[in-house]
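*Asks:* Take a look and give me a structure for this.
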Amino acid sequence: MVNNIARRQANKWNQINYRTEVRNSVVERVDKMTAVMKKAEELVNKAMKGNDASHDAWHVWRVRDLALSLAREEGLSSNSDSMEIVELAALLHDIGDYKYIRDPSEAKIVENFLDEEGIEETKKMKILKIINGMGFKDELAGAALCESLPEFGVVQDADRLDAIGAIGIARCFTFGGSRDRVLHDPEIKPRTELTREQYIKKEEQTTINHFHEKLLKLKKLMKTEV
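*Replies:* Sure, this is the predicted structure:
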């Protein structure tokens, strides 16, 4: 009888200790990721400080919020790893953008940040794959990651949602103005059947042509169902 009581008591304490360890582990993980997200936000503010308003920190905050909302709608919220991948990829997606890069070393900022913060290799590679493949220039090259990486479509669509509608129009004109582009010239025709190389080539183009070459095509290129 005494042994049975002692055994039950020991089992009870073991269960309590186990639950405590699990809770502490979860709290520790949440605290760590909260700190990482805060540092990522600080990096965004620092790295994008000199950008024009079409690709500034406010663009990133909107993309982050849209991406997390889409992730929940797509059923990813039950997987904490997926949500962390989505948020970090959204926060870091425009750091080192070829349109704004000032020094070749800036291309490694995101990877260095993830290494410094101790992001596990599998998660890091997914984040980098999303960032490196989500641009319109990469869509033109035929990059398709959605089937193997559901977080990819979520972040890419969030970025594209911020490129259409009233905000998208405002961003387009802002970017064109920052590059001293001609607003419209009927002699300069929109480029059709663009290759990746043609898209990123710095040749004379107009802001209005950007609507025909990219923005008006985005709706049909969305990856998520919502």
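*Asks:* Distance of residue 73 relative to residue 158?
*Replies:* 11 Å (C-beta to C-beta, to the nearest Å). C-betas here are computed from N, CA, C, even on glycine.
*Asks:* same deal with residue 52?
*Replies:* According to C-beta to C-beta, residue 52 and residue 158 sit 20 Å apart.
*Asks:* more crowded one of these two?
*Replies:* Using other C-beta atoms under 10 Å, the more surrounded residue of residue 52 and residue 158 is residue 158, with 25 against 16.
*Asks:* From residue 226, how far out is the more buried one?
*Replies:* Counting by C-beta to C-beta - residue 158 and residue 226 are separated by 11 Å.
*Asks:* Residues in contact with both of these two, list them for me.
*Replies:* Here residue 158 and residue 226 have residue 70 as joint contacts, going by C-beta atoms under 8 Å, 6 or more residues apart in numbering.
*Asks:* how about the helices in this structure?
*Replies:* 2-47, 57-73, 80-92, 109-116, 121-133, 136-140, 150-161, 165-178, 196-200, 207-213 (DSSP state H).
*Asks:* Check residue 143 and give its pLDDT.
*Replies:* Model confidence at residue 143, given as pLDDT, is 55.
*Asks:* What sits closest to residue 37 if chain neighbours are left out?
*Replies:* Leaving aside its sequence neighbours, residue 37 sits nearest to residue 87 (C-beta to C-beta, 6 or more residues apart in numbering; 6.4 Å).
*Asks:* gap between that neighbour and residue 69?
*Replies:* Distance from residue 87 to residue 69, by C-beta to C-beta: 11 Å.
*Asks:* which one of these two has more residues nearby?
*Replies:* The neighbour count for residue 87 versus residue 69, taken as other C-beta under 10 Å, is higher for residue 87 (22 against 14).
*Asks:* middle-most residue in the chain, spatially?
*Replies:* Closest residue to the average C-alpha location of the chain: residue 90 at 2.2 Å, with C-alpha atoms, centre = their mean.
*Asks:* residues touching that residue, list them.
*Replies:* Residue 90 neighbours (C-beta under 8 Å, 6+ apart): 60, 63-64, 66-68, 155, 158-159.
*Asks:* can you put the residues you listed in JSON lines and add pLDDT?
*Replies:* Shown next, in JSON lines, are the contacts of residue 90 (pLDDT from 0 to 100):
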{"residue": "60", "pLDDT": "98"}
{"residue": "63", "pLDDT": "98"}
{"residue": "64", "pLDDT": "98"}
{"residue": "66", "pLDDT": "98"}
{"residue": "67", "pLDDT": "98"}
{"residue": "68", "pLDDT": "98"}
{"residue": "155", "pLDDT": "96"}
{"residue": "158", "pLDDT": "97"}
{"residue": "159", "pLDDT": "96"}
